[in-house]
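Enquirer: Curious how this folds, go ahead:
(chains A and B)
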Amino acid sequence: MTVILGKPLPVLMAQLLLGLVNGSFYALLSLGLAVIFGLLNVINFSHGALYMMGAMLAWIGAEYLGLGYWPMLVLAPLAVGILGMAFERLLLRRLQGLDHLYGLLLTFGATLLIQGLFRSFFGVSGQPYPVPELLRGSVNLGFMVLPLYRAWVVLVSLVVCLLTWFVIERTPLGARLRAGTENAALAQAFGINVPLMITLTYGFGVALAALAGVLAAPVLQVQPLMGSDLIIVVFAVVVIGGMGSIAGSIVTGLLLGVVEGLARVFYPPGSATVVFVVMAIVLLVRPAGLFGREA
Amino acid sequence: MRARSKLLLPALRVGVALAIAAALPLVGAYPVFLMDVLCFGLFAAAFNLLLGYSGLLSFGHAAFFGAAAYACGVALRDWGWPPEAGLLLGVLCAAGLGALIGALGIRRKGIYFAMITLALAQMLYFVFLQAPFTHGEDGLQEIPRGRLLGVLPLADDLVLYYVVLAIVAGAWISMGRVIGSPFGQVLLAIRDNEPRAISLGYATDRFKLLAFVLSAALAGLAGALKALVLGFASLTDAHWSMSGLVILMVLVGGVGTRWGPLVGALVIVGLEHKIGEIGAVLANFTGISWFSTLGEAVTMVTGLIFIVCVMAFRRGIVGECIDWWHRRRGGLSV
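Expert: Below is the predicted model:
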């Protein structure tokens, strides 16, 4: 058996893959945060709760509505996106012009409310969610055994992230979005419907979180608190990457997932804190973040 | 005469409040509940020093509160230190951590500052989760209260209550002195317009860091006191939901007001203690049995209060009262 740095290769590869899977969730979540922050100047604390909601909806769909993985992969993000747009319209919008910290506090309150609601209805115990029929099993690549579902998670996340990047950076719609991010008042004066764009952007951002949640459902335990610690790691990812660039948040997310996977192999007790340590180092060396611009 | 009454009025208010607080356990209020409120009042006041007077939103204050609680608990229980030394150790630990986290945090501004403090506090939480001296999920239990300065038997709830009241009042009054000092005025200037403060020649980062360390130390004092009062220190003290709770207390009471944090702590701690009963009453009254489960759904209620406060009640209870008073006297609304 091949051994690298004292660790058998299959162990190393398995943890690396798990790291990539986690990294895909980080990438999807931090991408959503960055897109929302760009246009609304709000850090969406409820991102973790909405990720949880995506996973819970997938589970509810299977448990109560007889809807399997594939329909929920579309329906859950759609439902969460619509809910997010209503939230933006009814509440978040009214905080425009106030200190940005109020947006953080409002979404923090929403997080507690959502988590509390799901807890009071479904309890805190983890619910198993089966891997869809089509993606069961694994492929032996010789140096490692690749479980199909994990590969699928990484693939979908990458495709969605790249599509988002393409739409924002390379299409007329994205150009309008970037104009709104740069200077909302001026974009509005040029006839772009900025308030509508803000609503749609928020909806899209939280839909990404819900998508990550549905993807995570078969890999992790589905339970109402699954997003609460995750969101803090994603915040650290966002601080490390800086929210200036779309590509930056994708790359940083994947990278940190891998770093975490490596930590699990070489120093397991450090795997929970390694992202925060990286954040502290980045703050010392490059305070604006790896891809950020100091605002 | 007018100038004198202006000086006397705040002192009079503090005196009346102290007299009421001192009388409360004598008329039947439960001392441990009152001490809980006082500890959280101090914690909230320390947090308000940062948010209300320096404009820095820290999302990691539970780290200082929890670390000091652990430090005090270990010193009292495992090392047999006297309570005054345990409290001091708690404050010093919190101040040290405050210097570290603050120095990293102030490298970024605004929302990033909030995220960095949150992330670093979470890191500390994981350290506490794994370190042997915290006893993990069980927490440090049965911390002895000992005798203060070798004389005062703190095991007596009433004696401890007056000691806690004296410490919290002392810390709260000192905070007022800090805010009124030239240092405090510079903090206000930084809060209102940092570039202007920089252009006036102030090294704003140093002021912010000092304010952060001060706030962390006082939050630590609150945490150490709480460990002394309740006799245990647990992971809950260091969890991010505790940071959220202290933000809520300040928000409910009134950001940037002297009395707000105390009022906010009273409301929120009172609510946490009584929410089960409130739920039962609501269930009886409305006939909706779901309300009787309200006691287990504290987070949900907390979240709801958060949303209501941010949307409609940003001045907080004390802020609204001050505003109402100004309007009634025909002055300008602030």
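Enquirer: What's the first helix or strand after the helix or strand where residue B:97 lies?
Expert: Here residue B:97 sits within helix B:83-105, counting by DSSP states H and E. Where DSSP H and E defines the elements, the next helix or strand beyond helix B:83-105 is helix B:110-130.
Enquirer: Between helix B:83-105 and that following helix, find me the angle.
Expert: 130 degrees (axes from the mean of the first three to the mean of the last three Cα atoms, to 10 degrees).
Enquirer: what comes up buried for helix B:110-130?
Expert: Neighbour-count burial for helix B:110-130 flags B:110-129 (criterion: 16 or more other Cβ atoms under 10 Å in any protein chain shown). Backbone N, C-alpha and C define where each C-beta goes, glycine included.
Enquirer: try stretch B:68-78
Expert: For stretch B:68-78, by 16+ other Cβ under 10 Å, it's B:68, B:69, B:70, B:71, B:72, B:73, B:74, B:75, B:76, B:77.
Enquirer: Quick check: the second one is in a helix.
Expert: Yes. Assignment of residue B:69 by DSSP: H, G, I helix; E, B strand; the rest coil places it within a helix.
Enquirer: need the contact list for it.
Expert: Listed by Cβ atoms under 8 Å, 6 or more residues apart in numbering or on different chains, the contact set of residue B:69 reads B:90, B:140, B:223, B:224, B:226, B:227, B:233, B:237, B:238.
Enquirer: I'd like the residues you listed written out as TSV, with neighbour count and secondary structure added.
Expert: As requested, those are exported to TSV (neighbours: other Cβ atoms under 10 Å in any protein chain shown; DSSP: H, G, I helix; E, B strand; the rest coil):
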residue	neighbour count	secondary structure
B:90	33	helix
B:140	22	strand
B:223	36	helix
B:224	33	helix
B:226	27	helix
B:227	32	helix
B:233	33	strand
B:237	26	helix
B:238	29	helix
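Enquirer: ok so, going back, and of the buried residues of stretch B:68-78, the nearest to chain A?
Expert: Nearest to chain A among the buried residues of stretch B:68-78 is residue B:70, at 17.2 Å by Cβ to the nearest Cβ.
Enquirer: That closest one contacts residue B:134, correct?
Expert: Yes. Between residue B:70 and residue B:134 there is a contact under Cβ atoms under 8 Å: 5.6 Å.
Enquirer: Okay, now the unreliable bits of the stretch 201-334 of chain B?
Expert: Within the stretch 201-334 of chain B, the stretches with pLDDT under 70 are B:290, B:292-296, B:331-334.
Enquirer: So which residues on it come close to chain A?
Expert: B:240-241, B:244, B:247, B:251, B:293, B:296-307, B:309-311, B:314 (Cβ under 8 Å from any Cβ of the partner chain).
Enquirer: any idea where the helices of chain B begin and end?
Expert: Using DSSP state H, the helices of chain B run over residues B:2-23, B:31-54, B:61-77, B:83-105, B:110-130, B:157-180, B:182-192, B:194-199, B:204-230, B:240-253, B:260-286, B:298-312, B:316-328.
Enquirer: Chain A now?
Expert: For chain A, helices defined by DSSP H occupy the ranges A:9-40, A:47-60, A:69-90, A:101-122, A:148-170, A:172-182, A:184-189, A:194-216, A:230-241, A:246-266, A:274-285.
Enquirer: Tell me which other helices or strands the last one touches.
Expert: Under the contact definition 3 or more Cβ pairs under 8 Å, 6 or more residues apart in numbering or on different chains; DSSP states H and E, helix A:274-285 sits against helix A:230-241, helix A:246-266, helix B:83-105, helix B:110-130.
Enquirer: Please repeat the previous calculation with a cut-off of 6 Å.
Expert: helix A:230-241, helix A:246-266, helix B:110-130 (3 or more Cβ pairs under 6 Å, 6 or more residues apart in numbering or on different chains; DSSP states H and E).
Enquirer: for these, which one sits closest to residue B:204?
Expert: helix B:110-130 (13.0 Å; Cβ to Cβ).
Enquirer: Poorly predicted segments of the stretch 151-295 of chain A, please.
Expert: A:293-295.
Enquirer: As JSON lines, the buried residues of stretch B:68-78 with pLDDT and distance to residue B:277 would be great.
Expert: Below are those laid out as JSON lines (pLDDT from 0 to 100; distance: Cβ to Cβ, whole Å):
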{"residue": "B:68", "pLDDT": "95", "distance to residue B:277": "31"}
{"residue": "B:69", "pLDDT": "95", "distance to residue B:277": "27"}
{"residue": "B:70", "pLDDT": "94", "distance to residue B:277": "32"}
{"residue": "B:71", "pLDDT": "94", "distance to residue B:277": "35"}
{"residue": "B:72", "pLDDT": "93", "distance to residue B:277": "31"}
{"residue": "B:73", "pLDDT": "92", "distance to residue B:277": "30"}
{"residue": "B:74", "pLDDT": "92", "distance to residue B:277": "36"}
{"residue": "B:75", "pLDDT": "91", "distance to residue B:277": "37"}
{"residue": "B:76", "pLDDT": "88", "distance to residue B:277": "33"}
{"residue": "B:77", "pLDDT": "87", "distance to residue B:277": "33"}
